[in-house]
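Chemist: Build me a structure from this.
(chains A, B, C and D)
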There are 2 protein chains.
Amino acid sequence: MTTKKVTIREVAQASGVSIATVSQILNGKTKRFTPQTITRVRAARDQLGYEPDYFAQRMITKDSKTIGVIVPDITNPFFGQLLRGIEAVLFRANYITMLCDGADDRLKERDYLDELTRRGVDGFIISSAAVASETLREKQRPFIVLDQKMASGTADAVLTDDRQGGRLAAEHLAALGHQRVAMVLPAAPTANIARRLAGFQTVFPDALQIDGELSKQGGRAAAKALVQTDATAVFAANDEIAFGLYLGLAELGKRVPEDYSVIGYDDTEMAEYVTPQLTTIAQPITALGATTAEMLLARIAQPDKVWEERLLGVELVKRFSAKPL
Amino acid sequence: MTTKKVTIREVAQASGVSIATVSQILNGKTKRFTPQTITRVRAARDQLGYEPDYFAQRMITKDSKTIGVIVPDITNPFFGQLLRGIEAVLFRANYITMLCDGADDRLKERDYLDELTRRGVDGFIISSAAVASETLREKQRPFIVLDQKMASGTADAVLTDDRQGGRLAAEHLAALGHQRVAMVLPAAPTANIARRLAGFQTVFPDALQIDGELSKQGGRAAAKALVQTDATAVFAANDEIAFGLYLGLAELGKRVPEDYSVIGYDDTEMAEYVTPQLTTIAQPITALGATTAEMLLARIAQPDKVWEERLLGVELVKRFSAKPL
DNA sequence: TGCGTTTGGTAAAACGTTTTAATTACACGT
DNA sequence: ACGTGTAATTAAAACGTTTTACCAAACGCA
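Modeler: This next block holds a predicted model:
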């Protein structure tokens, strides 16, 4: 706090021109100036170590070079990987990402939304179902919603083919000879989870549904309900639940895959490291993040272009948690 | 973008007072005004939906109510949990946290540091070893460094008792009858990892050291080196490595804990869900984050208080990945 | 009445930029 | 000598607050 800030005025002084000149030259509007002045100004800038004051700049040009990202649970490695993708492209475009962990708290997410708006973020990436699209729209900022289809034709969106993912899981189980199957998913599923279920039901119209939060704990608890049924295979709404199932089932003396085949969803890194290695539906997590960020940037650059919607594919990766009946 | 911003001037107009009055009242400096004007102003504020412009405010009062947090790898669940702790207390204090994923890239971390400084963050929480304390100091901002002891008496720090953690792991292994043991850790360990090693060597002065990055991949690769030795037990520098070891060992036809006892470090959530459940040294991860944030806030409130250093305890949690020889 | 003191409030400066319209200087053609 | 055009630069407004010093009116009191 000891060294005081060097201002544009001092640079102007040092190079013997007006502050308007300095501002323009340093912002690349170099057309109208003579080579000498240009070098003179730049030299002064370097020599004094001048950095334009961020807030003063923002007062004029209202953009902030900042994107707000809201995720529901930063503790879930899925979002860690997703953020990698988002953040990488944003950083390359010189944007700073403001990460907000909603912690599954609707109110908190709202607060964040308000505060970030006040702070003039240039756009939002919403990866949580908890924020309604109207709320978002009234903020009058570009936003893109991830993995959560909203009223279409009214916002950008990037989706993965959840329906296909659900079907893939079901088909694999069916091919393995399973007839009685269950899916564990939250009691109030978000749109994307619901689509996974729908896809699953394409093959198993009367699959059992077991309640379970989207977390390891949720899966662990769901195991108790599972063993009461006559199902021989489970489809977990995400990998975290599947991991929970592993433990919950073990606690009840059941083995995977001998007693229960289980299929996860996401293909998070850990899926490969768990025993037995988890058969799961792979989403291109990092690519998902990257694509999202790119689309938002495109929207910011060109606010009036037509709404775009992108669908990314998924695939089944067979490992060892599902076996023939 | 259609509705234009409502400014303090309009509020003043609406309540028939000057903008100075509005500003003061709305900032709680309510002492000098009559109850009626106060209510009148507040009413106008509410009625017009006035929100002070963030950037204009920041131009005057230089604080930004923002903390920059830099982590080396957001993909590692340890940092997810840590962030939970940090973010929760910051949010409660009305601070926004700007999360930056260093992605193990020194240069990127530097860039972030520069940019955040320019944007006037009120302080930094550094959880990565890659940024040097001098670099940090020259930013002239309060900062606190986590789990990484720097030149002491010159910055705040919160540490966990890594040395004790290392010793605990070693003692457990010794009690189980192991004599030949190894530790896997990065070739260029950071200060905290080095302390774990030192503690471990307290009991096993000539423990083998196997190179391995702090990731699942790192552990997986290290397994190959491990099986070349005559060690019967491994101490992994963190849980991620331990998980990697599980897989790597399995790929080589070895079983845990029958062939190798393994002990992890961190007690991340996953430790309980893996099979066999991982014996590990528990750090109070979320508390660690919370404490750090609190200390930084305290420093910001009172920049000249004496440097503080806090040491948090660790404990051994026995599960099933280490067994008697 | 006169005078210091409190009360309630405001004018104006300051924060550090960007941007627009104006100004100067000069060359050129007639 | 005079307009005309153009190239280089700048003065000044604007952005929306907070803060400080000052002011007028009312009050207390001998």
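Chemist: who's in contact with stretch A:305-314?
Modeler: A:152-162, A:164-165, A:168, A:281-284, A:287-288, A:291, A:295, A:298-299 (C-beta atoms under 8 Å, 6 or more residues apart in numbering or on different chains). In this view, the C-beta of every residue, glycine as well, is placed from N, C-alpha and C.
Chemist: 10 Å instead, please
Modeler: The contact list for stretch A:305-314 (C-beta atoms under 10 Å, 6 or more residues apart in numbering or on different chains) reads A:144, A:147, A:149, A:152-169, A:196, A:199, A:265-267, A:280-285, A:287-288, A:291-292, A:294-295, A:298-299.
Chemist: So for it, first residue to last residue, what's the gap.
Modeler: For stretch A:305-314, the first-to-last residue distance is 28 Å (C-alpha to C-alpha, to the nearest Å).
Chemist: Distance from it to the middle of the chain?
Modeler: Its chain's C-alpha centre and that of stretch A:305-314 lie 15 Å apart, by C-alpha atoms, centre = their mean, to the nearest Å.
Chemist: now do stretch A:186-193
Modeler: So, by C-alpha atoms, centre = their mean, the centroid of stretch A:186-193 is 17 Å from its chain's centroid.
Chemist: what residues does the stretch 101-250 of chain A put near chain B?
Modeler: A:101, A:103, A:105, A:108, A:111-112, A:114-120, A:138, A:140-142, A:215-217, A:219-220, A:240, A:242-248, A:250 (C-beta under 10 Å from any C-beta of the partner chain).
Chemist: what about the residue in the stretch 151-300 of chain A that DNA strand D sits nearest to, which SS state?
Modeler: Taking C-beta to the nearest atom of the strand as the measure, the point where the stretch 151-300 of chain A comes nearest DNA strand D is A:I300, at 20.3 Å. Three-state assignment for A:I300 (DSSP: H, G, I helix; E, B strand; the rest coil): helix.
Chemist: Give me the pLDDT value at it.
Modeler: If you check A:I300, the pLDDT there is 91.
Chemist: if we can go back for a sec, where strands are concerned, which of the residues of the stretch 101-250 of chain A next to chain B count?
Modeler: Taking DSSP state E as the definition of strands, these contribute A:D101.
Chemist: which of the residues of the stretch 101-250 of chain A next to chain B count as buried?
Modeler: Using 16 or more other C-beta atoms under 10 Å in any protein chain shown as the burial test, these include A:101, A:103, A:108, A:112, A:115-117, A:119-120, A:141-142, A:215-217, A:219-220, A:240, A:242-248, A:250 as buried.
Chemist: quick revisit: could you tell me which of the residues of the stretch 101-250 of chain A next to chain B are located in helices?
Modeler: Counted as lying in helices by DSSP state H, out of those, are A:108, A:111-112, A:114-118, A:216-217, A:219-220, A:240, A:242-248, A:250.
Chemist: which residues does the closest residue to chain B within the stretch 51-200 of chain A contact?
Modeler: Going by C-beta to the nearest C-beta, chain B is nearest to A:L99 of the stretch 51-200 of chain A, at 3.8 Å. With contact taken as C-beta under 10 Å, 6+ apart, A:L99 is in contact with A:67-71, A:74, A:79, A:83, A:86-87, A:112, A:125, B:69, B:74, B:83, B:87, B:96-101.
Chemist: List the contacts of the helix or strand of chain A with the lowest mean pLDDT.
Modeler: Lowest mean confidence among the helices and strands of chain A (mean pLDDT, DSSP states H and E): helix A:133-137, at a mean of 74. By C-beta under 10 Å, 6+ apart, the residues outside helix A:133-137 that reach it are A:70, A:109-110, A:113-114, A:117, A:124, A:126, A:142-145, A:148, A:150-151, A:154-155, A:157.
Chemist: how far is that helix from where the chain is centred?
Modeler: That offset, for helix A:133-137, works out to 18 Å (C-alpha atoms, centre = their mean).
Chemist: same check, this time on stretch A:106-124
Modeler: Its chain's average C-alpha position is 16 Å from that of stretch A:106-124, according to C-alpha atoms, centre = their mean.
Chemist: Can you show me the CA trace of that stretch as CSV?
Modeler: Output of stretch A:106-124 as CSV, limited to C-alpha atoms (Å, rounded to 0.1, in the frame of the first residue of the first chain):
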residue,chain,number,x,y,z
ARG,A,106,-31.5,-21.9,-4.1
LEU,A,107,-31.3,-18.7,-2.1
LYS,A,108,-27.6,-18.5,-2.2
GLU,A,109,-27.6,-18.9,-6.0
ARG,A,110,-30.1,-16.1,-6.2
ASP,A,111,-27.9,-13.9,-4.1
TYR,A,112,-24.9,-14.7,-6.3
LEU,A,113,-26.9,-13.9,-9.4
ASP,A,114,-27.9,-10.5,-8.0
GLU,A,115,-24.4,-9.6,-6.8
LEU,A,116,-22.7,-10.7,-9.9
THR,A,117,-25.2,-8.6,-12.0
ARG,A,118,-24.4,-5.6,-9.8
ARG,A,119,-20.8,-6.2,-10.5
GLY,A,120,-21.4,-6.1,-14.2
VAL,A,121,-20.4,-9.5,-15.4
ASP,A,122,-20.6,-9.8,-19.1
GLY,A,123,-22.5,-13.1,-19.0
PHE,A,124,-23.5,-16.1,-17.1
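Chemist: And the strands in the stretch 51-200 of chain A, which stretches?
Modeler: A:66-71, A:96-101, A:123-126, A:143-146, A:156-160, A:181-185 (DSSP state E, counting those that start in this stretch).
Chemist: CSV for the ones you listed, including mean pLDDT and distance to B:A225?
Modeler: Output for the strands of the stretch 51-200 of chain A, formatted as CSV (pLDDT from 0 to 100; distance: least, C-beta to C-beta, whole Å):
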stretch, mean pLDDT, distance to B:A225
strand A:66-71, 93, 37
strand A:96-101, 90, 37
strand A:123-126, 92, 41
strand A:143-146, 88, 40
strand A:156-160, 90, 38
strand A:181-185, 98, 40
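Chemist: Include distance to DNA strand C when you put those into JSON lines, please.
Modeler: Shown next, in JSON lines, are the strands of the stretch 51-200 of chain A (distance: least, C-beta to the nearest atom of the strand, whole Å):
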{"stretch": "strand A:66-71", "distance to DNA strand C": "16"}
{"stretch": "strand A:96-101", "distance to DNA strand C": "17"}
{"stretch": "strand A:123-126", "distance to DNA strand C": "19"}
{"stretch": "strand A:143-146", "distance to DNA strand C": "24"}
{"stretch": "strand A:156-160", "distance to DNA strand C": "26"}
{"stretch": "strand A:181-185", "distance to DNA strand C": "50"}
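Chemist: Pipe the ones you listed into a markdown table and attach distance to A:V317 per row.
Modeler: Formatted as a markdown table, those follow (distance: least, C-beta to C-beta, whole Å):
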| stretch | distance to A:V317 |
| --- | --- |
| strand A:66-71 | 24 |
| strand A:96-101 | 29 |
| strand A:123-126 | 26 |
| strand A:143-146 | 22 |
| strand A:156-160 | 14 |
| strand A:181-185 | 18 |
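Chemist: if we compare those strands, which one ends up closest to A:T275?
Modeler: Distance to A:T275, taken as C-beta to C-beta, is lowest for strand A:181-185 among those, at 20.2 Å.
Chemist: quick check: angle from that closest one to helix A:239-251?
Modeler: 120 degrees (axes from the mean of the first three to the mean of the last three C-alpha atoms, to 10 degrees).
Chemist: Which elements pack onto strand A:181-185?
Modeler: In terms of contacts (3 or more C-beta pairs under 10 Å, 6 or more residues apart in numbering or on different chains; DSSP states H and E), strand A:181-185 is packed against helix A:162-175, helix A:191-203, strand A:208-211, helix A:216-227, strand A:233-236, helix A:239-251, strand A:261-266.
Chemist: Would you point to the one among these that's packed deepest?
Modeler: Ranked by average neighbour count under the criterion mean count of other C-beta atoms under 10 Å in any protein chain shown, the helices and strands packed on strand A:181-185 are headed by strand A:233-236 at a mean of 32.
Chemist: Put the alpha carbons of the helix or strand harbouring A:R9 into PDB.
Modeler: Secondary structure assigned from DSSP states H and E places A:R9 in helix A:8-15. The C-alpha atoms that make up helix A:8-15 are tabulated as PDB, following Å, rounded to 0.1, in the frame of the first residue of the first chain:
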ATOM      1  CA  ILE A   8      -2.600   8.300 -17.000                       C
ATOM      2  CA  ARG A   9      -2.000  12.000 -16.300                       C
ATOM      3  CA  GLU A  10       1.600  11.200 -15.300                       C
ATOM      4  CA  VAL A  11       2.200   9.300 -18.500                       C
ATOM      5  CA  ALA A  12       0.800  12.200 -20.500                       C
ATOM      6  CA  GLN A  13       3.100  14.600 -18.700                       C
ATOM      7  CA  ALA A  14       6.100  12.400 -19.100                       C
ATOM      8  CA  SER A  15       5.600  12.100 -22.900                       C
END
